[in-house]
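> Sequence below, structure please.
(one chain, ligands or ions: 1)
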Amino acid sequence: MIFNEKMETMPREEIEKLQVRGIRETLKKIKESNSILKKKYEGVEPEDIKSLDDLKKLPLLEKDELREAYPFKHVTVPDDKWMRMHMSSGTTGTPIINVMTRSDIEQWGEVMARCFYAAGVSSKDRIQITPSFGLFNGGFGFHYGAERIGAFIIPIGAGRSRLQLQFLKDLGTTVITAIASYPLRLMEVAQEIGFDFKETNLRVAILGAETWSDEIRKRIEDEMGVDTYDIIGMTESGGVGMGIDCEAKNGIHVWEDHYVVEIIDPETGEVVDDGVEGEMVITTLTREGLPLIRYRTRDITKVVSRERCDCGRTHLRIDRIKGRTDDMLKVKGVNFYPSQIEAILMKYTQLSPYYHIVLEKVKGKGSMTIVAERRNGFSSEDLDRLSNELYDFLGFHCHIQIVPEGTLERPQGKAVRVIDKRIK
Ligand SMILES: [Zn+2]
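Alright, predicted model coming up:
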C-alpha cells in the first residue's frame with residue numbers, strides 16, 4: 001500500500017531536483033525572516049545552491065543554537081500564522097520549541113499518513129494511540145496521520161496500562177502506536193493479570209522515540225504477536241513521521257521530498273560515504289515555523305540504500321538508529337552504546353527487558369555494573385555465559401548484578417537505561 005504514489009515512487013533524479021528547489025526555499029524563508037539564525041547564512045544566496053552537493057557549503061546547525069533561541073527567537077513566521085507548539089523533552093537542558101503553522105500541521109499529517117500506509121495500516125484499522133497528547137509530539141502526530149487515512153482513532157494517551165489492555169480487547173484495536181519501550185510494560189501487566197494478546201485483533205505496532213535493539217523488537221513481536229515498524233522523527237523536524245521502515249524491513253525510508261538526510265563524521269563534520277556510520281544531519285524542505293538547514297540530530301545511523309526498494313518506494317533508506325552521540329558511553333577507554341549492551345542481554349529470554357547500566361568511580365577508577373532482572377530459570381551457567389559474552393564485547397570485566405523481576409523502576413515515559421554516578 002502506498003499513500004502518495006506519485007511522490008513516494010518518484011525517480012531519484014526528480015527527487016533530487018525537488019530537493020535543490022526545497023533547500024533554496026528553506027534558505028530564503030530563513031533569510032527573509034526575523035529568526036536569529038539568519039545571520040548564519042550571510043553571504044550565501046538561495047541561487048548559490050545549484051546542486052545537492054552545494055548543500056555542503058552551508059554551515060551545520062547545532063542543538064544548542066536552537067536552545068539559545070528559546071522561546072521564540074528562531075521562529076520564521078509572523079505570530080498570526082502560529083497554530084500550536086511542540087517541545088523537546090528538555091531533560092538535558094533548555095527545551096527547544098517548534099512553532100507550527102497550518103501548513104506545518106498539514107505536512108505532518110501527510111508524512112504520518114505515508115508512515116501508516118508503509119506499515120500496512122488503512123481506513124479499516126482501529127488505532128490505539130498511547131503516547132501523550134501534549135507538548136511531546138507523539139500523540140498528535142499519530143492522530144493527524146490516522147485522521148488523514150480515515151482510520152478509527154482511540155486517543156487514550158499515555159499510562160493506565162490496565163485500561164490500555166482492556167481497550168485492546170474490548171474495542172477491537174488492530175494497531176498500537178507507542179514509545180518503543182512501552183509495549184514491554186504492557187506485556188508485563190498482561191502477564192500479571194493473565195491477559196492474552198492472542199485474544200485480541202492486534203496485528204501492528206508502530207514504535208519510536210527511543211533506540212530499541214533488534215532483540216527487543218523480536219521480543220515484542222513474539223510476545224504480542226504483532227508486526228512492528230520503526231518510526232523516526234523529532235520535535236525539531238516537525239515531529240514523528242520523518243520516516244519509517246516498510247514491509248521489506250530493509251531500512252527506514254526517509255520522505256525525501258520533505259527532508260534531505262546527510263550522514264557526517266561527528267568529529268570532523270564531513271559527509272561520509274553511503275554505508276558508513278555517522279551522525280544524521282537533516283534539512284527540511286517544506287517546513288515553515290522552524291525550517292532547518294543541516295541540523296545535527298545526534299542520531300547515529302548510516303545510509304543503507306538509495307535504490308528502489310522492494311516495496312516500490314524510491315526514497316532512500318537509513319539504518320535503524322543505533323544510539324545518539326551523547327548516549328555513547330566511555331568506560332576504561334572503550335566506547336560503546338547502551339543498545340549494544342541491550343542486544344547482548346536480550347538474547348537471554350530468562351531476563352526481563354528492564355536493566356540498568358550503572359557507572360561509578362571507585363578509588364579513582366571507572367567501574368561498570370549491569371543490573372538485570374531474573375525472570376525464570378536464569379542459571380549460574382547462564383550468568384557465566386553472559387559474563388563471557390560481555391567480556392568479549394567490552395574487553396574488560398564488568399560487574400553483573402541479577403535481581404528479582406520487578407525490582408527496577410518502570411518509568412512512565414522513555415526508558416531509563418543508564419545511571420551515571422561518575423563526577424563529570
Ligand atoms: Zn520499502
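
> what's the distance between the residue nearest to L316 when sequence neighbours are not counted and the ion?
Beyond its immediate neighbours in the sequence, the residue positioned closest to L316 (Cβ to Cβ, 6 or more residues apart in numbering) is R306, lying 4.7 Å away. (C-beta placed from N, C-alpha, C; glycine too.) Going from R306 to the ion by Cβ to the ion, to the nearest Å gives 12 Å.

> again with A248
Separation of A248 from the ion (Cβ to the ion): 4 Å.

> ok now do that residue, which residues does it touch?
Contacts for A248 were tallied using Cβ atoms under 8 Å, 6 or more residues apart in numbering; they are 309-311.

> and the ion, which of these contact it?
Among the contacts of A248, proximity to the ion is found for 309, 311 (Cβ under 5 Å from the ion).

> who wins for neighbours among the contacts of A248?
Neighbour counts for the contacts of A248 were taken using other Cβ atoms under 10 Å; the highest belongs to C309, with 22 neighbours.

> State the phi and psi torsions of it.
According to degrees, to the nearest 10, the main-chain angles of C309 amount to phi -90, psi 160.

> Report the spatially nearest residue to it, omitting neighbours in sequence.
A248 (5.4 Å).

> and what of G208?
Nearest residue to G208 in three dimensions, chain neighbours excluded: I231, at 3.9 Å (Cβ to Cβ, 6+ apart).

> Any idea how far apart the tips of stretch 386-400 sit?
Start-to-end span of stretch 386-400 (Cα to Cα, to the nearest Å) is 9 Å.

> what's the offset of that stretch from the middle of its chain?
28 Å (Cα atoms, centre = their mean, to the nearest Å).

> how's this protein carved up into domains?
Using automatic domain parsing, the domain parsing of the chain gives 1-325, 328-420.

> could you give me the average pLDDT of the shortest one?
Spelled out, it's domain 328-420. Across domain 328-420, pLDDT averages out at 91.

> repeat for the first one
For domain 1-325, mean pLDDT rounds to 96.

> Name the SS class of G289, please.
Classification of G289 by DSSP: H, G, I helix; E, B strand; the rest coil places it in coil.

> How many neighbouring residues does it have?
By other Cβ under 10 Å, the residues close to G289 number 24.

> next one: G150
Counted with other Cβ under 10 Å, residues neighbouring G150 total 12.

> got a list of what it touches?
Each residue near G150 by Cβ under 8 Å, 6+ apart is listed here: S123.

> gap between it and the ion?
Distance, G150 to the ion, by Cβ to the ion: 23 Å.

> and what of Y117?
Remark: distance between Y117 and the ion (Cβ to the ion) = 11 Å.

> Ok, V260 next?
Taking Cβ to the ion as the measure, V260 falls 19 Å from the ion.

> So in this structure, which helix runs the longest?
helix 12-31 (DSSP state H).

> The ion contacts on the stretch 201-350 of the chain?
Residues of the stretch 201-350 of the chain that fall close to the ion, judged by Cβ under 5 Å from the ion: 246, 248, 309, 311, 313.

> Just give the closest residue to the closest residue to the ion within the stretch 1-150 of the chain, not the sequence neighbours.
In the stretch 1-150 of the chain, the residue that lies nearest the ion is A118 (7.1 Å; Cβ to the ion). Among residues not flanking A118 along the chain, C246 sits closest, at 4.5 Å (Cβ to Cβ, 6+ apart).

> my guess is that neighbour meets H253, correct?
Yes - with contact defined as Cβ atoms under 8 Å, C246 reaches H253; the gap is 6.1 Å.

> Pull the host helix or strand of V99 out as PDB, backbone CA atoms only.
Under the criterion of DSSP states H and E, V99 resides in strand 97-100. Extracted in PDB, the C-alpha atoms of strand 97-100 (Å, rounded to 0.1, in the frame of the first residue of the first chain):
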ATOM      1  CA  ILE A  97      10.200  24.800  20.800                       C
ATOM      2  CA  ASN A  98       8.800  24.100  17.400                       C
ATOM      3  CA  VAL A  99       6.000  26.600  16.400                       C
ATOM      4  CA  MET A 100       3.800  25.100  13.800                       C
END
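
> before we move on, the earlier item: where's the residue of the stretch 1-150 of the chain closest to the ion relative to Q401, distance?
Remark: distance between A118 and Q401 (Cβ to Cβ, to the nearest Å) = 41 Å.

> so where do the strands sit in the stretch 1-150 of the chain?
84-87, 97-100, 126-129 (DSSP state E, counting those that start in this stretch).

> What about N376, how many residues nearby?
Close neighbours of N376, defined as other Cβ under 10 Å, add up to 9.

> Identify the residues contacting it.
The contact partners of N376, by Cβ under 8 Å, 6+ apart, come to Q350.

> phi, psi of it?
The phi and psi values for N376, taken as degrees, to the nearest 10, are phi -140, psi 130.

> That one and P266: what is the separation?
For N376, the distance to P266 equals 41 Å [Cβ to Cβ].

> cool, and E210?
Computed as Cβ to Cβ, the E210 to P266 distance reads 20 Å.
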